[in-house]
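Student: Model the structure of this input:
(chains A and B)
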2 protein chains.
Amino acid sequence: MIYVSLAISLSAIFFALFLSKQIKKYSFGSAQIKSISEYIQEGAKAFLNREFKTLIIVLGILALILGVFIRPAEAFTFLAGAFVSALAGYLGMKVATQANGRCANAAISSFSAAFKIAYKAGSVMGLLVVGFGLFGLLTVWLIFEDPQLLIGYAFGSSLVALFLRVGGGIYTKSADVGADLVGKVEKGIPEDDPRNPAVIADAVGDNVGDIAGMGSDLFESYVSAIVAAAVLGVPLFGEKGLFLPILLAAAGILSSLIGNFFVVVKEKKGDSFQNQTKSVRKAMKKGIIAANILMVIASWFIVKEFGEIGMFWALLTGLLVGILIGEVTKYYTSDGYKPVLGIAKASQSGMSINIIEGLSQGMISTVVPALAVGIAMIVAFEFANLFGIALAGVGILAVLGINLSSDSYGPIVDNAAGIAEMTGLPPEVRQRTDALDSVGNTTAATGKGFAIGSAALTALAWIATFFETANIESADITDPRVIGGFMTGAALSFLFCALLMKAVSKGSFSIVEEVRRQFAEIKGLMEGKAKPDYSRVVDLTTKRSLKEMILPGILVIAVPILTGILLGMEGLGGLLMGGLVCGFLLAVMMSNSGGAWDNAKKYIESGNFGGKGSDAHKAAVVGDTVGDPMKDTAGPSLNILIKLIGKVAVIFVPLFVLFA
Amino acid sequence: MIYVSLAISLSAIFFALFLSKQIKKYSFGSAQIKSISEYIQEGAKAFLNREFKTLIIVLGILALILGVFIRPAEAFTFLAGAFVSALAGYLGMKVATQANGRCANAAISSFSAAFKIAYKAGSVMGLLVVGFGLFGLLTVWLIFEDPQLLIGYAFGSSLVALFLRVGGGIYTKSADVGADLVGKVEKGIPEDDPRNPAVIADAVGDNVGDIAGMGSDLFESYVSAIVAAAVLGVPLFGEKGLFLPILLAAAGILSSLIGNFFVVVKEKKGDSFQNQTKSVRKAMKKGIIAANILMVIASWFIVKEFGEIGMFWALLTGLLVGILIGEVTKYYTSDGYKPVLGIAKASQSGMSINIIEGLSQGMISTVVPALAVGIAMIVAFEFANLFGIALAGVGILAVLGINLSSDSYGPIVDNAAGIAEMTGLPPEVRQRTDALDSVGNTTAATGKGFAIGSAALTALAWIATFFETANIESADITDPRVIGGFMTGAALSFLFCALLMKAVSKGSFSIVEEVRRQFAEIKGLMEGKAKPDYSRVVDLTTKRSLKEMILPGILVIAVPILTGILLGMEGLGGLLMGGLVCGFLLAVMMSNSGGAWDNAKKYIESGNFGGKGSDAHKAAVVGDTVGDPMKDTAGPSLNILIKLIGKVAVIFVPLFVLFA
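Tutor: Here you go, the predicted structure:
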């Protein structure tokens, strides 16, 4: 069983490498496209290199602590998890940054060819995450054959996710807001104008935030769900408790691989923008539906063979919750529906009403996801106890391979559209890249919802794991330590969220200053005669984002440890639950408010309520800018928070025992 | 014991009536002041009358349900609680609206005389709330001698609080935002200009929101804290379990009464604005400190006589938490400190950054209150078990009599300053009323923090009561029903908060339309030759606010009942805790973000960062308007949510038993 799964995980990796080889064969077309693409590649690489340098130090310290206080082998698996996750993120992002320029060039001749490149590059990320995730996990298992040591492996991936998701989130929005504040507002030059020194940093940001960041976030969720299931399952069912989640994951990889072949866009000459976006949407949907159907069938047989049929229903619950949360996200953030239209309409009454409406809609949008997760817990538990909760987590992430492919596709075509703009490609080409980008925006929104939902289910599985590991009989909600823990956890999620929003303000300030400086000091820049110093902005943004993540990063690790020491395991359990519930709802709110503001602005820009330049548009721009750090920094970072606190709790149980 | 307490509660009522007689003796001075004051009085009365009409129907239905399904006597005490609370609110607000014009007129000749009128009127509200609260409670006890029936009494006061706090909150901000949107923005006429048809509705709003609403909110907290202590105490200590909280409450009333005499402002001729505000602040502080010291001494002796000394520490914990949360609120919302200065500074970078900064600061401001309440729980429980938690609630509200006096003083002097503006009183008089008003803004801010803190402690005491009443052994946080309950409770608080913010947008829209209509149709209005139809705006606002509170009102009662039926008592326990934690943090955030934006704007208006009319000021105005519904509608209404769900849970335990 293990070796079959190992082979499947390897096949995903090899197929990803094969795809990346294919992508490299396409041409950049012009030297201009190539050079811009290379700027982005270098910027992204520079970001990762600097992140990794700091990460290695943090990993070293934590490995030392784990090795000395917990178990040497745990330190090893911890480092293994971090290494594999970082490798997947690094390779996936490399391919994505290689694909953007090629995609823009391909769009000159063919819409479908451009789509193919972008989607293939997205698939590379998707397949590398699930392939490496499962491969590493199995390797660690084969070496140690101890489910407890898998916890270290998952913890390692968490640390990488913390750096890439949080750091990347701060980076991407600092660059975006900073570029807009000087470029669009002060200088009156369009978005993605090559004269803007922050334009490359902005493009790099899409990659580090939405590809490396998103990838590492879901890598962590994926690995954590399987590990939680194994840790809960092995004591109950022996080796079968491990086989089941692993086989399900392997089946998910196969389903994703097959599903990918259903994603084909047919091209008609002179097709309209609407038809182009429609065909792309349809193609991707087909692939995801195929993969899901295959997965459901496969898991039915796997569960029948290796488990009890209740487990199938637990798994299915998770899978359905993922789809539901994705649809809810679409409803609350797409311009075809009431919430976004309401915000656009409210923009006519000015900025304040736009903000109030956006915040309210974001808060309202938490209701269905919260109830869905709550109900899923009850159903999954009913069918298969605590193990069922972990299986629901496995279920939501089962076909991550293909889900993440569409998510990663988004930033690639976003970059491609930017490059088409920067290099002044003709309008019919721009229409093509814009059509690709428009679909990317939708997949990004549902992807975000999916990421949050899976983080919540995974986090719940880890809370269950914590209670098993800590051997707590019960943590009563009227126990004052539990209440103290709740309050602390809830406050932690509010504080963490606020610090990240502030980080973006601060980061964008320093970029504004640097961009202003370049416009002032580099002669001929505004006239397009001189080149800006892109790399300085890239470098500055990288430094800022690393600096700004120190405090939130420390909090998310230190607060659970301190709570465990001061309030005991029960108090820590309260913290986990308070942090999860508040963090989850805040994440949904942040993400959906931001997405809705964004699309309300776009809706007005497409000619409604006065169109571009109207008062309604000005109000919508304010909302959009407020939403930026909410949806792309604070929201996604909260995913990391809710997962990481659970992991810290589980890892440090031996420490808390000493103080109990 | 009971009779001594009864006498003390009666003395508070009589002293309040004596004060209100005194106030009536002061003159309005001019017919103009009198007529404006009467408009406000009538508007406020009209609001209450309409609210009460709807309230009576709701009370009738609920009393029927209670009488049939629970116990006839419970229906009676329920109605008694509602009646007493409504009476206190009605009388207190009547006196406040009678005092505003008299205060403005007194300011013509003397600063200290103006202060005296306003503070006396504020004291009427403060003393009526504690006097009626305790008197009603004791009467109910003397009739039935059953602590269980006190629960109905507390529930009755909750219903009134729901209507006055939530309905009043929607009213006050709909009127405020609506008046500003047309008056200041469209027509360019100053705030409080008598030509604006919404100006009276705006003044009425201050009274119904911040006097009747705040009063009924704290009436509920006060009564609930005592009842929770009695319900938890009697089974443990017999009658002493009732005597102790009642005697403590009586001691608090006496302390407040005595403290009031320390509030004396000495006047120097030609005193500067700063010195005037300083002397008022000092006077009020003196009174509150005196009352607190007396209370601590008295409670030491009472506890020594009737309880165990641990109970004293539990009580003291609550008292200190109240003071701490008040101070934290001041820090986060006053312009002397970093948060507000940071928001003012951020306003220079535009509206979006102002919003992000304000939201972040609000979120950060939740940390200390959350930890304080958490720690208080642990300490109070340590010293006196669940009874200690209830005693902490009694402690925070012990000297409510004097605390609420300063809270209610705020809207009165706000109205007085408005009347001074409307009637064109000379600058030195306006300086006096502005100085009074400026202090009122601070007391309003700390008062809001205090109200939230006391709501949280009271709510916790009721959760404890629920667990006692429901006889639940344990509600484990890993029980999926509990998790489902958490999620539901958290989502409920987000939804409730969002609905109230939206209610204000909607309400203000309809006012904008009506005001526009009047400006268009009433000839000579803009020129000051014709009078606007104030009462139509007042009436419209009242109708809107009642309509908009239907859905949130139903939710807050129906969701706990449904949860109790579907998820059982454990699930309901989870809902209570999730709703409390999320609701409490949201309330603090809403309230402090709003307060900070308000004062950041004022700070800029006083000449900093470019002063009035600068870009920074424009940005700050947007933040202020966003903050209005947050701090005055959503935030305070969340107090009601967190307390009411607990009460519904306790009341309907017999129903849930049927479905268990």
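Student: so after the longest helix seen in chain A, what's the next helix or strand?
Tutor: In chain A, assigned by DSSP state H, the helix with the most residues is helix A:550-605. Going down the chain from helix A:550-605, the next helix or strand is helix A:615-629, by DSSP states H and E.
Student: which is the next helix or strand following that following helix?
Tutor: Criterion used, DSSP H and E; the element after helix A:615-629 is helix A:635-651.
Student: out of everything not next to it in sequence, what's closest to A:Ala392?
Tutor: On the basis of Cβ to Cβ, 6 or more residues apart in numbering or on different chains, the spatially nearest residue to A:Ala392 that is not a chain neighbour turns out to be A:Gly318, at 3.3 Å. C-beta: built from backbone N, CA, C; applies to glycine.
Student: what's the helix or strand harbouring that neighbour packed up against?
Tutor: With elements taken from DSSP H and E, the one containing A:Gly318 is helix A:309-333. With contacts taken as 3 or more Cβ pairs under 8 Å, 6 or more residues apart in numbering or on different chains; DSSP states H and E, helix A:309-333 sits against helix A:273-306, helix A:338-346, helix A:351-364, helix A:367-396, helix A:427-470, helix A:550-605.
Student: so how far is A:Gly168 from A:Val208?
Tutor: For A:Val208, the distance to A:Gly168 equals 4 Å [Cβ to Cβ, to the nearest Å].
Student: More neighbours: which of the two?
Tutor: Each of A:Val208 and A:Gly168 has its neighbours counted (other Cβ atoms under 10 Å in any protein chain shown); A:Gly168 has more, 37 against 33.
Student: any idea how far A:Ile640 is from the more buried one?
Tutor: For A:Gly168 relative to A:Ile640 (Cβ to Cβ), the value is 11 Å.
Student: Output the contacting helices and strands for the helix or strand A:Ala175 falls within.
Tutor: A:Ala175 is part of helix A:168-180, with elements assigned from DSSP H and E. Under the contact definition 3+ Cβ pairs under 8 Å, 6+ apart, helix A:168-180 sits against helix A:199-207, helix A:480-521, helix A:534-548, helix A:615-629.
Student: Give me the angle between the first one and helix A:480-521.
Tutor: So the one you mean is helix A:199-207. 150 degrees (axes from the mean of the first three to the mean of the last three Cα atoms, to 10 degrees).
Student: so does the next helix or strand along the chain from helix A:199-207 get close to chain B?
Tutor: Next along the chain after helix A:199-207, taking DSSP H and E as the criterion, comes helix A:214-237. No: if you take Cβ under 8 Å from any Cβ of the partner chain as the test, helix A:214-237 misses chain B, and the best it gets is 11.6 Å.
Student: In helix A:214-237, which residues are buried?
Tutor: Using 16 or more other Cβ atoms under 10 Å in any protein chain shown as the test for burial, helix A:214-237 gives A:214-234, A:237.
Student: So which of the helices and strands packed on helix A:309-333 is the most surrounded?
Tutor: The highest mean neighbour count among those, using mean count of other Cβ atoms under 10 Å in any protein chain shown, belongs to helix A:351-364: a mean of 28.
Student: Would you pull up how far that one lies from the middle of the chain?
Tutor: 24 Å (Cα atoms, centre = their mean, to the nearest Å).
Student: cool, and stretch A:171-189?
Tutor: That offset, for stretch A:171-189, works out to 23 Å (Cα atoms, centre = their mean).
Student: Quick one: mean pLDDT for it?
Tutor: For stretch A:171-189, the mean per-residue pLDDT is 87.
Student: What's the end-to-end length of it?
Tutor: End-to-end distance for stretch A:171-189, by Cα to Cα, to the nearest Å: 22 Å.
Student: Wait, A:Asp437 touches A:Ala420, no?
Tutor: No: the pair A:Asp437 / A:Ala420 is not scored as a contact, 9.3 Å apart, by Cβ atoms under 8 Å.
Student: Run a quick neighbour tally on A:Gly238.
Tutor: 10.
Student: Look up how far A:Ala230 lies from it.
Tutor: Distance from A:Gly238 to A:Ala230, by Cβ to Cβ: 11 Å.
Student: Name the residues contacting each of those two.
Tutor: Taking Cβ atoms under 8 Å, 6 or more residues apart in numbering or on different chains as the criterion, A:Gly238 and A:Ala230 do not both touch any residue.
Student: before we move on, the earlier item: the residue nearest to A:Ala392 touches A:Gly395, doesn't it?
Tutor: Yes: A:Gly318 lies in contact with A:Gly395 (Cβ under 8 Å); the separation is 2.9 Å.
Student: For the residue minimising distance to the centre of chain A, which non-adjacent residue is closest in space?
Tutor: Centroid-nearest residue in chain A, with Cα atoms, centre = their mean: A:Met214, separated by 2.4 Å. Spatially, and ignoring its direct neighbours in sequence, A:Met214 is nearest to A:Asp407 (5.7 Å; Cβ to Cβ, 6+ apart).
Student: Buried residues, the strand or helix carrying A:Ala121. List them.
Tutor: Taking DSSP H and E as the definition, A:Ala121 sits inside helix A:111-144. Neighbour counts over helix A:111-144 (16+ other Cβ under 10 Å) mark A:111-141, A:144 as buried.
Student: repeat for stretch A:190-205
Tutor: A:192, A:194-205.
Student: now swap in stretch A:144-153 and tell me
Tutor: Result for stretch A:144-153 [16+ other Cβ under 10 Å]: buried residues A:Phe144, A:Pro147, A:Gln148, A:Leu149, A:Leu150, A:Ile151, A:Gly152, A:Tyr153.
Student: quick one: which of the residues you listed sit in helices?
Tutor: A:Phe144, A:Pro147, A:Gln148, A:Leu149, A:Leu150, A:Ile151, A:Gly152, A:Tyr153.
Student: Spatially nearest residue to the first one (excluding sequence neighbours)?
Tutor: For A:Phe144, ignoring the flanking residues on the chain, the nearest one in space by Cβ to Cβ, 6+ apart is A:Ala73 at 6.0 Å.
Student: between the helix or strand containing that neighbour and helix A:427-470, how many degrees?
Tutor: Taking DSSP H and E as the definition, one finds A:Ala73 inside helix A:72-109. In terms of direction (the same axes, to 10 degrees), helix A:72-109 departs from helix A:427-470 by 170 degrees.
Student: just checking, what packs against helix A:72-109?
Tutor: helix A:2-25, helix A:31-65, helix A:111-144, helix A:147-161, helix A:199-207, helix A:214-237, helix A:400-422, helix A:427-470.
Student: would you list those in a markdown table and tack on mean pLDDT and distance to A:Lys285?
Tutor: Listed next are these as a markdown table, based on pLDDT from 0 to 100; distance: least, Cβ to Cβ, whole Å:
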| stretch | mean pLDDT | distance to A:Lys285 |
| --- | --- | --- |
| helix A:2-25 | 95 | 21 |
| helix A:31-65 | 93 | 29 |
| helix A:111-144 | 96 | 13 |
| helix A:147-161 | 95 | 28 |
| helix A:199-207 | 91 | 23 |
| helix A:214-237 | 94 | 20 |
| helix A:400-422 | 93 | 9 |
| helix A:427-470 | 91 | 10 |
